[in-house]
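Engineer: everything below, folded, please.
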Amino acid sequence: MLASDCDNRLYIRKSFAWRTKMTGFADRLDVFLRVVAGGSFSAAGRDMNMQASSISRQIDMLEGELGVELFYRSTRRLALTSAGETLCHRARQVLGQLEETRSIVAAMANEPQGWLMISAPVCFGQRHVVPLVPVYLERFPKVHLELSLEDRAVNPLEDGIDLAVRIGKLQDSALLATKLATTESVVCAAPSYLQRHGVPAVPADLVHHACLTTPKPMKAGMWQFGETSSEDRLEVSGRFVCGDMDGLLASAIAGLGIIHLQTWLVAEPLRDGRLVRLFPTMLPRPDGSGIYALRPPGALTMKVKGMVDLLKARMIALSE
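Structural biologist: Residues are numbered from 1 along each chain as shown. Down below sits the predicted model:
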């Protein structure tokens, strides 16, 4: 066994023993102060719903632990000794500081503060996280927020992230996940493109249209309209390819061709008319994945929950 292991175990044993001893000491200090305030063991007992004999035993234990008498006892009254007066003064300070510390820390649960570290994919973050930042900061005035937009799959446990947005299928991990939305893909185009080239009636008509796709080796031009079978896949093509989703979306809005993208990306231009959904009677194809908010294991803090709630509300609004 390593010496450091022995030291650590010794520290843990000593620390546990110290905490146990000090917890009992703090309890007896509380009893002592209640006796002082009430003027008798019986008054302190009524205050604490205890027998006067139990109160007396607590004071005896405290005096034995400290090795001094704290009260002059008589049949008529209790009076503090010099040591009792000193302890009374210090005990009020110490217990008052403990209560103040408890209140300060407990208040943090009701009024979130400190830093909130968020990571999200670039395109999703720009569209759906950045617009929520002013709302979040106004709602939680004591929280500082750092947003990292990157397309790599960050690990909150390793990268010090409080909340990470992940799009796709989740892998087994120790992270806790909240599903924000289901991802679905739709086909759409700008009104200007459809006016020039006509509206495809069925997916098979897309082979005669300019379709905006990603470059190889990103499975370019293979659009799937069913569940999983190869018969449901359609090979499309066009004069413009782009590996960036924002680039594809902007090109479609400009009338360069037809796109097949997830609803979280095209919901707003569909709503304001910059894009028109094709094959409206065809249900969106489920991707078998979702949009998730991932966080390290542990209690869900108010500052993290606040952002999760805002993201969920935004995703619900997009689907309406």
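
Engineer: what lies in contact with the host helix or strand of residue 123?
Structural biologist: Using DSSP states H and E, the element containing residue 123 is helix 122-124. Contact with helix 122-124 is made by 149-151, 165, 167, 244-246, 264-265, 291, as judged by C-beta atoms under 8 Å, 6 or more residues apart in numbering. Every C-beta, even on glycine, is put in place using the N, C-alpha and C of the backbone.

Engineer: can you pull out the strands in the stretch 101-250 of the chain?
Structural biologist: 114-120, 143-149, 163-168, 176-189, 222-224, 233-235 (DSSP state E, counting those that start in this stretch).

Engineer: ok, back up a step: what's the closest of the contacts of helix 122-124 to residue 302?
Structural biologist: residue 165 (18.9 Å; C-beta to C-beta).

Engineer: touching, that closest one and residue 127? I think so.
Structural biologist: No - contact criterion C-beta atoms under 8 Å: residue 165 and residue 127 do not qualify, at 11.2 Å.

Engineer: identify the contacts common to these two.
Structural biologist: In contact with both residue 165 and residue 127: no residue, using C-beta under 8 Å, 6+ apart.

Engineer: let me see the contact set for the nearest residue to residue 133 once chain neighbours are set aside.
Structural biologist: Excluding its sequence neighbours, the residue lying closest to residue 133 (C-beta to C-beta, 6 or more residues apart in numbering) is residue 145, at 6.3 Å. By C-beta under 8 Å, 6+ apart, the residues touching residue 145 are 115-116, 118, 133, 136-137.

Engineer: of these, which is the most crowded?
Structural biologist: Neighbour counts for the contacts of residue 145, by other C-beta atoms under 10 Å, peak at residue 118, which reaches 24 neighbours.

Engineer: can I see the domain layout of the protein?
Structural biologist: 3-106, 114-180+289-319, 183-288 (automatic domain parsing).

Engineer: now render those domains as a markdown table, adding mean pLDDT.
Structural biologist: Formatted as a markdown table, these follow (pLDDT from 0 to 100):
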| stretch | mean pLDDT |
| --- | --- |
| domain 3-106 | 76 |
| domain 114-180+289-319 | 89 |
| domain 183-288 | 83 |
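
Engineer: show me what contacts residue 144?
Structural biologist: Shown in contact with residue 144 (C-beta under 8 Å, 6+ apart): 114-116.

Engineer: can you give me the neighbour number for residue 178?
Structural biologist: By other C-beta under 10 Å, the residues close to residue 178 number 17.

Engineer: would you mind measuring from the residue nearest to residue 133 to residue 130?
Structural biologist: 11 Å (C-beta to C-beta, to the nearest Å).

Engineer: stretch 255-269: end-to-end distance?
Structural biologist: Terminal residues of stretch 255-269 lie 13 Å apart, using C-alpha to C-alpha, to the nearest Å.

Engineer: for the helix or strand harbouring residue 313, which positions count as buried?
Structural biologist: Element membership of residue 313, judged by DSSP H and E, is helix 302-319. For helix 302-319, a neighbour-count test (16 or more other C-beta atoms under 10 Å) marks 303-308, 310-312, 314-315, 318 as buried.

Engineer: with stretch 124-142 instead?
Structural biologist: Using 16+ other C-beta under 10 Å as the test for burial, stretch 124-142 gives 124-125, 127-129, 132, 136, 140.

Engineer: nearest to residue 185, of the residues you listed?
Structural biologist: residue 124 (14.7 Å).

Engineer: distance check, residue 194 against residue 275.
Structural biologist: From residue 194 to residue 275 the distance is 10 Å (C-beta to C-beta).
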